[in-house]
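Asks: return atomic coordinates for the entry below.
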Amino acid sequence: MAKEKTRFVYVTYVLSTPEKVFEAITKPEIARRYWGHENVSDWQPGSEWQHVRADAERTVQLIGKVVEVTPPSRLVITWANASQTADPDSHSRVTFDIAEYDDMVRLTVTHDELEAGSGMEQGITKGWPLVLSSLKSYLETGRAIDVFAKPKAA
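Replies: Numbering: from 1, shown residues only. Presented below is the predicted three-dimensional model:
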């Protein structure tokens, strides 16, 4: 029996240009500043992409394939934990839709084909808002949010 699938959608508005938002997602030297990871690929349809920790160990945490690239308006990739790439059921898909909206950008991230109730679903529902808030802060102010900061216990 096939497992139930779900999706997560996050929309934010960024005072920037579509080109800068697209570059922030696809250029490793920019992504490391707000994400603490680098998205590494040649960004051609069918190519592999890797989500690499931007530290001394350079651990590959996520792996996927580039499905669609239409700079600077759309990027679609598959997404799986590096340890689960052999399991097709663990793969999901992320779509970045980048659109001009007045004098800013509307960035819509849709993470779908997620196994409902999985660790991946739980992780991304917390992770995407933090990462995308950090991207927004970085592009608007030059200062990112520490995405690895843990809230202090009350």
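
Asks: which SS state does the nearest residue to residue 26 once chain neighbours are set aside fall under?
Replies: What sits nearest to residue 26 in space, not counting adjacent residues and going by C-beta to C-beta, 6 or more residues apart in numbering, is residue 43, at 5.6 Å. Every C-beta, even on glycine, is put in place using the N, C-alpha and C of the backbone. Secondary structure of residue 43, reduced to three states by DSSP: H, G, I helix; E, B strand; the rest coil: coil.

Asks: if I pick residue 43, what's in contact with it?
Replies: Listed by C-beta atoms under 8 Å, 6 or more residues apart in numbering, the contact partners of residue 43 are 26, 49, 66, 69, 75.

Asks: quick one: the helices in the protein?
Replies: All helices of the chain, identified by DSSP state H, fall at 18-26, 28-35, 119-141.

Asks: and the first one, what does it pack onto?
Replies: Secondary structure elements in contact with helix 18-26, counted by 3 or more C-beta pairs under 8 Å, 6 or more residues apart in numbering; DSSP states H and E, are helix 28-35, strand 74-81, strand 92-101, strand 104-115, helix 119-141.

Asks: now the third one against strand 74-81, angle please.
Replies: In this structure, strand 92-101 runs at an angle of 150 degrees to strand 74-81, with axes from the mean of the first three to the mean of the last three C-alpha atoms, to 10 degrees as the basis.

Asks: and strand 92-101, what does it pack against?
Replies: For strand 92-101, the helices and strands in contact under the criterion 3+ C-beta pairs under 8 Å, 6+ apart are helix 18-26, strand 74-81, strand 104-115.

Asks: in space, what's closest to residue 32 - neighbours in sequence excluded?
Replies: Residue 32's closest residue in space is residue 54 (C-beta to C-beta, 6+ apart), at 3.7 Å.

Asks: looking at the one you found now. What's its pLDDT?
Replies: In the predicted model, residue 54 carries a pLDDT score of 89.

Asks: so who does it touch?
Replies: When the contact criterion is C-beta under 8 Å, 6+ apart, the partners of residue 54 are 28, 31, 32, 35, 36, 37, 38.

Asks: so how many other residues sit close to the first one?
Replies: What it means is residue 28. 15 (other C-beta atoms under 10 Å).
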